[in-house]
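need a structure here:
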Amino acid sequence: MIISLVMQKIIISFVISAIASVLLTPLAIKLSEYFKVLDRPSPRKIHSEPRGRLGGVAIYFAFLIGILAPSQLGFPIETSISFDMSVVGFLLSSLIIVILGVFDDKYDLTPRFKFFVQILAATILVTFGLKIEMISGINPGTRFDLGVFKIPATIFWVVAITNMINFIDGLDGLAAGITVIASLTLIIINYLDKLSINSCVMLASTAGACVGFLKYNFHPAKVFMGDGGATFLGFTLGVTSVMGAFKSATFAIVLVPFLALLIPIFDMIYAILRRITREIPPHIADKEHLHHQFLELGLSHKQAVIVLYIIALSLSFFSIGMSKINNIKAMFLLLLICLLFIIGMIRMRHIINANRSAAAKKLMEDGAPKKEIEPGAPKPEDKSGPGEEIPPAGDK
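Numbers count the residues shown, from 1 in each chain. Modelled structure (predicted):
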């Protein structure tokens, strides 16, 4: 069986980055402890003991080792990735993202400053020539030039995905696992549609680095990836989408990144809308993300993560299949899945509110002092109106 050169690059980058991540993560744990970059327990967080937050540094360097690995077993030695201007721009801007994240893990930077630096990094990326130039239309063969919207559309997409992965980084192994599934999905789409080889190599290195990291990050985690790791992974997924799927002439393939990343996309949109409706700034963290709700339904830590893995895998299979059907059916499938996702989230919210209401009612009944009624004395009048319920705890 002859393996193509592209597949060799993908396999070698994946394996090398995974091995590098396994070897580098223990060092990241020691660095976290030495520099006191620790994630300490709080009412909003799940863990009960301090954990290091520099796991993202190990992921980043494992990624670099993966893309710089030899492209094939033999001579002449060439790196798996081809260095063009877009790759150089990515390496420079991603370094800024990682440094920003590490400083945030240590010093807790303001959201406004982080957002500004993320936009700056995405702008640097654009100046090196990486932009969403055109978008394929629903009608086969039609493509729309974004014109003056090329730059803002690229910056918006990259910055949004950068933060989306950070939003779901709330349970051990969740962000890394979701990134592995999304990366492998985008590799398959890039490979089958003969899109960007560089994108395949970068995604393979990303997946490999996360797989190696999961050895230490799956529950119970010994280390966290921190903002430095989560934002780097999101940034990489955003950039590789622009390099690959968004350049496809097929509209259905353009939709693949949206479906492959549907969990973090929906979680972030839902979190922002939830906080705005409660008159809370969108950057203020809470304990009502999608993964938190699975825990509140009674799932264990591992069970919640595995269920989200299964959902992500299902979306991955749908997205790969969607790339092989006509554009109208692909759009209908995406809208249908989004609708089912929304219905599922609303239903889950109703169940949680009902559970909270029942728990609060039981707590009040158990905590209320019981008075003994003397023989012949009239029973106390029930002053509660018919059908009154105790409002769900924690909701306005």
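
neighbours of residue 336, just the number please.
Neighbours of residue 336 under the rule other Cβ atoms under 10 Å: 11. Any C-beta I mention is one placed from the backbone N, CA and C, and that applies to glycine too.

tell me where the protein has strands.
38-39, 51-52, 134-136, 143-145 (DSSP state E).

any idea which of these is most buried?
Sort these by mean neighbour count, taking mean count of other Cβ atoms under 10 Å, and strand 51-52 sits at the top with a mean of 25.

contacting residues for the residue nearest the centre of the chain?
Nearest to the geometric centre of the chain sits residue 165, at 2.6 Å (Cα atoms, centre = their mean). Applying Cβ atoms under 8 Å, 6 or more residues apart in numbering to residue 165 gives the contacts 175, 178-179, 230-231, 233-234, 237, 264.

neighbours around the residue lying closest to residue 127 once chain neighbours are set aside, how many?
Closest residue to residue 127 apart from its sequence neighbours, by Cβ to Cβ, 6 or more residues apart in numbering: residue 89 at 7.0 Å. Look at residue 89: counted by other Cβ under 10 Å, it has 19 neighbours.

okay but residue 89 is in contact with residue 122, surely?
No: using Cβ atoms under 8 Å, residue 89 makes no contact with residue 122, being 10.0 Å away.

how close does the spatially closest residue to residue 222 that is not a sequence neighbour get to residue 49?
Closest residue to residue 222 in three dimensions, ignoring its sequence neighbours and counting by Cβ to Cβ, 6+ apart: residue 216, at 4.6 Å. Look at residue 216 and residue 49: by Cβ to Cβ, to the nearest Å, they are 15 Å apart.

so where is the stretch 201-350 of the chain shaky, pLDDT-wise?
The model of the stretch 201-350 of the chain has pLDDT under 70 over residues 249-250.

quick one, helices of it?
Along the stretch 201-350 of the chain, counting by DSSP state H, counting those that start in this stretch, helices occupy 226-243, 251-254, 256-260, 262-277, 290-296, 301-322, 327-367.

adding distance to residue 183, write those helices out as JSON lines.
Formatted as JSON lines, the helices of the stretch 201-350 of the chain follow (distance: least, Cβ to Cβ, whole Å):
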{"stretch": "helix 226-243", "distance to residue 183": "7"}
{"stretch": "helix 251-254", "distance to residue 183": "16"}
{"stretch": "helix 256-260", "distance to residue 183": "9"}
{"stretch": "helix 262-277", "distance to residue 183": "13"}
{"stretch": "helix 290-296", "distance to residue 183": "20"}
{"stretch": "helix 301-322", "distance to residue 183": "10"}
{"stretch": "helix 327-367", "distance to residue 183": "20"}
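
deepest-packed of those helices, please.
helix 226-243 (a mean of 28).

helices or strands next to that one in the packing?
The contact analysis (3 or more Cβ pairs under 8 Å, 6 or more residues apart in numbering; DSSP states H and E) places helix 226-243 against helix 55-67, helix 85-107, helix 111-127, helix 150-167, helix 174-192, helix 197-217.

if we go to 10 Å?
Helices and strands touching helix 226-243, by 3 or more Cβ pairs under 10 Å, 6 or more residues apart in numbering; DSSP states H and E, are helix 5-34, helix 55-67, helix 85-107, helix 111-127, helix 150-167, helix 174-192, helix 197-217, helix 256-260.

closest to residue 225 out of these?
Of all the helices and strands packed on helix 226-243, helix 55-67 sits nearest to residue 225, with 4.3 Å by Cβ to Cβ.

angle of that closest one against helix 174-192?
20 degrees (axes from the mean of the first three to the mean of the last three Cα atoms, to 10 degrees).

so for helix 55-67, mean pLDDT?
The pLDDT scores in helix 55-67 average 97.

can you give the distance from that helix to the centre of its chain?
17 Å (Cα atoms, centre = their mean, to the nearest Å).

from the contact counts, what lies against that helix?
Looks like helix 55-67 contacts helix 5-34, helix 85-107, helix 174-192, helix 197-217, helix 226-243 (3+ Cβ pairs under 10 Å, 6+ apart).

how about these in CSV, adding distance to residue 142?
Compiled in CSV, the helices and strands packed on helix 55-67 are given as follows (distance: least, Cβ to Cβ, whole Å):
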stretch, distance to residue 142
helix 5-34, 29
helix 85-107, 25
helix 174-192, 20
helix 197-217, 24
helix 226-243, 20
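
of those, which is nearest residue 359?
It's helix 174-192; of the helices and strands packed on helix 55-67, that one is closest to residue 359 (Cβ to Cβ) at 25.7 Å.

mind listing what's buried along the closest one?
174-191 (16 or more other Cβ atoms under 10 Å).

then stretch 277-290?
Along stretch 277-290, these residues count as buried under the neighbour rule (16+ other Cβ under 10 Å): 287-290.

that one: end-to-end distance?
Start-to-end span of stretch 277-290 (Cα to Cα, to the nearest Å) is 17 Å.

how far does that stretch sit from the chain's center?
Taking mean C-alpha positions (Cα atoms, centre = their mean), stretch 277-290 and its chain are 17 Å apart.

again with stretch 176-189
Worked out by Cα atoms, centre = their mean, stretch 176-189 lies 11 Å from the chain centre.

and the closest residue in space to residue 238 that isn't next to it in sequence, what does it touch?
Nearest non-adjacent residue to residue 238, counting by Cβ to Cβ, 6+ apart: residue 161, 3.5 Å away. Contact partners of residue 161, counting by Cβ atoms under 10 Å, 6 or more residues apart in numbering, are 182, 231, 233-242, 257, 261, 264-265, 268.
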